[in-house]
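Colleague: Need the 3D shape of this:
(2 chains)
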Protein chains: 2
Amino acid sequence: MVAAAKEANAEILKVAFHRFQPQGVSGVVVIAESHLSIHTWPETGYAAVDFYTCGDHTDPWRACEYAAAELGAHTMLTTEVRRGIASTNGQYTHVVHEHAGSALAKRSA
Amino acid sequence: MVAAAKEANAEILKVAFHRFQPQGVSGVVVIAESHLSIHTWPETGYAAVDFYTCGDHTDPWRACEYAAAELGAHTMLTTEVRRGIASTNGQYTHVVHEHAGSALAKRSA
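Modeller: As a prediction, this is how the structure comes out:
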């Protein structure tokens, strides 16, 4: 995930990972632009990964593609959430973008 | 956020926080049940907070309500994402629940 953060052009601030027994990992990379997180369940072949970045200089999709490749993901299902959008009433909101067909990318093993 | 994690009945594994100058904080609490994260922008009165838990013994909404109260939030806009849902084809998906009206709770100052 540190490498994924670098791939997104993010500035790494803190790294906190925990390895579960007998398997699985949970971890977060706090970046100057927010955070990246991962939780894996090797026993079922599932991982839940967040790429949360701010600013125009970072590209969370590059981190996402990098992580998917490193994990050897066959299928990746993504949802984009645009956060901290200023409303006209001075409050902030977020907008969820479900990607068409849900399955963004499929790879052969 | 550590207190919020305890409020959710989560087991705390790692804590990683960074304080920005002149203001704002980014931080994550890795829990046995996934993670809690926060990013604050005091200059605009906005905070983006995630409560990601697994299992029936935790209640992310308790952590959410606790954090909102501690932050003195006037308005809280929440979206629930149910993750790692097994599909009939053996793949995993997630489901986004937009809460009715978007504004879940409003408090006077």
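Colleague: going forward, measure contacts and count neighbours with C-alpha atoms only.
Modeller: Will do.
Colleague: Pull up the residues of chain A that are close to chain B.
Modeller: Taking C-alpha under 8 Å from any C-alpha of the partner chain as the test, the list of chain A residues beside chain B reads A:13-18, A:26-28, A:30, A:34, A:39, A:46, A:48, A:75, A:77, A:83-84, A:91-93.
Colleague: Let me see the ranges of the strands in chain A.
Modeller: A:12-19, A:25-31, A:34-41, A:46-52, A:75-86, A:92-106 (DSSP state E).
Colleague: counting residues per helix, which one in chain A is longest?
Modeller: Of all the segments of type helix in chain A, defined by DSSP state H, the longest one is helix A:60-71.
Colleague: any idea how far it is from the chain center?
Modeller: 8 Å (C-alpha atoms, centre = their mean, to the nearest Å).
Colleague: and that helix, average pLDDT?
Modeller: Across helix A:60-71, pLDDT averages out at 95.
Colleague: how many degrees apart are it and strand A:75-86 in direction?
Modeller: With axes from the mean of the first three to the mean of the last three C-alpha atoms, to 10 degrees as the basis, helix A:60-71 and strand A:75-86 are set at 150 degrees to each other.
Colleague: Can you pull out the residues in contact with helix A:60-71?
Modeller: A:Met1, A:Ala4, A:Ala5, A:Lys6, A:Glu7, A:Ala8, A:Phe51, A:Tyr52, A:Thr53, A:Met76 (C-alpha atoms under 8 Å, 6 or more residues apart in numbering or on different chains).
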